[in-house]
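> Sequence first, then the predicted structure, then my questions.
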Amino acid sequence: MQDFTFFISPTGAKFQLSCESTADLPFDLISSKEISTIYYSYSIDGEERYDDMGRTPGEREAFFGELRAGKFSNTTQVNTYRYTEYFRALLEKGDVLHVAFTSGLTPSVRNAYEAAKTLREEFPHRRLIVLDSMAGSFGYGLLMLRGAEMRDNGATMEEIADWIKEKGTLVHHCFYVTDLTTLRRGGRISGASAKIATVLGICPVIRLDHGGRLKAHKKVRGKKHAMKALVHEMLEHATNGAAHSEICIIGHADAQEDAEIVRDMILEQFPNLKDKLLVYPLGPVLVSHCGIGPVAVFFMGDERDE
């Protein structure tokens, strides 16, 4: 774990903002924001690896290459012991606000709650807040960036926690899938459905719902129409519509060129997003479940669907 600065709130208390690697932000960016991170793990052919958010040069490219070669990746939740050791190291220095990966996609947050319960007895003089982000990948990352901005502007740990609890379901996640092999392997769709969709050139468009779960939203034929569907989602749901001016992120799974096409399409409709539309590769946890090829958009907007 890096030795991060503990920020002093207006009340005089030291606290650390913390999240998980499934926020998918590049390591250099999240480090520059002084956000501590616990890493998820994944395995390929039985070899366990940690998602270090691109800290290791070439890690993402190698991972994508292995999936393209036909290898299959499994992910595991963070267990209570790892949370306990991670939180303990932070609590020895100050208070902690930890924002966890959505419970709609993993039960890991329950382990974080259990670890926190034990450590509050060990550190009665410290405060440890654990939140369910109800978000994932760069949607989760957007919440953490805003939390860091609030912290830098003098917000207390409790004020940041309240904002995330209130706004977590306002961050939209929408992506399309071009290769259904991984969804079929993971049991999310049947083999027959995958074959039919592949023959017809159908690209499912998937969103995160109000409970932080992935839900199929629509089916479109062809990648070009799927790209247009992402732009339409932003026009329909982004704060202030085409006048949206908050930071947005485009994520992709080894589809840089497609992501850049989507970026250009978005900029045509959202002129205020110049210099506020970021493009990054998705992390291995999400890609392990959706496969190579997806492009996703993440932005702040109205309340997500139930």
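Structure's in. What do you need?
> Asp162 is in contact with Met150, correct?
No. The criterion here is C-beta atoms under 8 Å, and Met150 misses it with Asp162 at 10.2 Å. Any C-beta I mention is one placed from the backbone N, CA and C, and that applies to glycine too.
> Show me which of the two is the more surrounded one.
Met150 (16 against 13; other C-beta atoms under 10 Å).
> The helix or strand of the chain with the lowest mean pLDDT: what's the following helix or strand?
Ranking every helix and strand in the chain by mean pLDDT, DSSP states H and E puts helix 191-200 at the bottom, with a mean of 42. Once helix 191-200 ends, the next helix or strand along the chain (criterion: DSSP states H and E) is strand 202-208.
> Strand partners (parallel or antiparallel) of the following helix or strand past that following strand?
Using DSSP H and E, the helix or strand that follows strand 202-208 in sequence is strand 214-221. Applying DSSP bridges, strand 214-221 is found paired with strand 202-208 (antiparallel).
> helix/strand/coil for Leu97?
strand (DSSP: H, G, I helix; E, B strand; the rest coil).
> quick one: it and Leu143, what's the gap?
12 Å (C-beta to C-beta, to the nearest Å).
> looking at this, Lys93 is in a strand?
No. Using three-state DSSP, the assignment for Lys93 is coil, not a strand.
> Please spell out which residues along stretch 271-283 are buried.
Leu273, Leu277, Leu278, Tyr280, Pro281, Leu282, Gly283 (16 or more other C-beta atoms under 10 Å).
> And the pLDDT for the last one?
What that stands for is Gly283. We note a pLDDT of 94 for Gly283 in this prediction.
> right, and it touches Ser137 too?
Yes. With contact defined as C-beta under 8 Å, Gly283 counts as touching Ser137 (6.7 Å).
> where do the contact lists of these two overlap?
Thr22, Asp24 (C-beta atoms under 8 Å, 6 or more residues apart in numbering).
> quick revisit: and the buried residues of stretch 271-283 as TSV, adding distance to His225?
Converted to TSV, the buried residues of stretch 271-283 look like this (distance: C-beta to C-beta, whole Å):
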residue	distance to His225
Leu273	22
Leu277	21
Leu278	24
Tyr280	24
Pro281	23
Leu282	21
Gly283	26
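> OK, contacts around Ala226?
Applying C-beta under 8 Å, 6+ apart, the residues contacting Ala226 are Tyr176, Thr178, Cys203, Val205, Val220, Val295.
> For those residues, which two are the farthest from each other?
Val220 and Val295 (13.0 Å; C-beta to C-beta).
> what sits in contact with each of the two?
Tyr176, Ala226.
> Tell me which of these two has more neighbours.
When Val220 is set against Val295 and neighbours are counted by other C-beta under 10 Å, the residue ahead is Val295, at 28 against 18.
> Report the contact partners of the more buried one.
Val295 touches 175-176, 226-227, 230, 250-253, 255, 258-259, 262, counting by C-beta under 8 Å, 6+ apart.
> do the same with His172
By C-beta under 8 Å, 6+ apart, the contact set of His172 is 139, 207-208, 233-234, 237-238, 297-301, 304.
> Pairing partners for it in the sheet, please.
Phe299.
> Stretch 26-35: end-to-end distance?
Start and end residues of stretch 26-35 are separated by 12 Å (C-alpha to C-alpha, to the nearest Å).
> buried sites along that stretch?
Pro26, Phe27, Leu29, Ile30, Ser31, Lys33, Glu34, Ile35.
> so the first one makes contact with Tyr280?
This means Pro26. Yes. Pro26 is in contact with Tyr280 according to C-beta under 8 Å; the separation is 6.2 Å.
> Which of the contacts of Val295 fall in helices?
Ala226, Met227, Leu230, Asp258, Ala259, Val262 (DSSP state H).
> Neighbours of the fourth one, how many?
Residues lying near Asp258 (other C-beta under 10 Å) number 21.
> likewise the last one?
Here the number of neighbours of Val262 (other C-beta under 10 Å) works out to 24.
> hang on, the earlier thing: dump the contacts of Val295 into TSV; add pLDDT as well.
Formatted as TSV, these follow (pLDDT from 0 to 100):
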residue	pLDDT
Phe175	93
Tyr176	92
Ala226	94
Met227	96
Leu230	97
Ile250	98
Gly251	97
His252	97
Ala253	94
Ala255	95
Asp258	97
Ala259	97
Val262	98
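> which ones are touching the nearest residue to Asp24 once chain neighbours are set aside?
Spatially, and ignoring its direct neighbours in sequence, Asp24 is nearest to Gly283 (4.0 Å; C-beta to C-beta, 6 or more residues apart in numbering). By C-beta under 8 Å, 6+ apart, Gly283 lies in contact with Ser21, Thr22, Asp24, Asp51, Met53, Arg60, Ser137.
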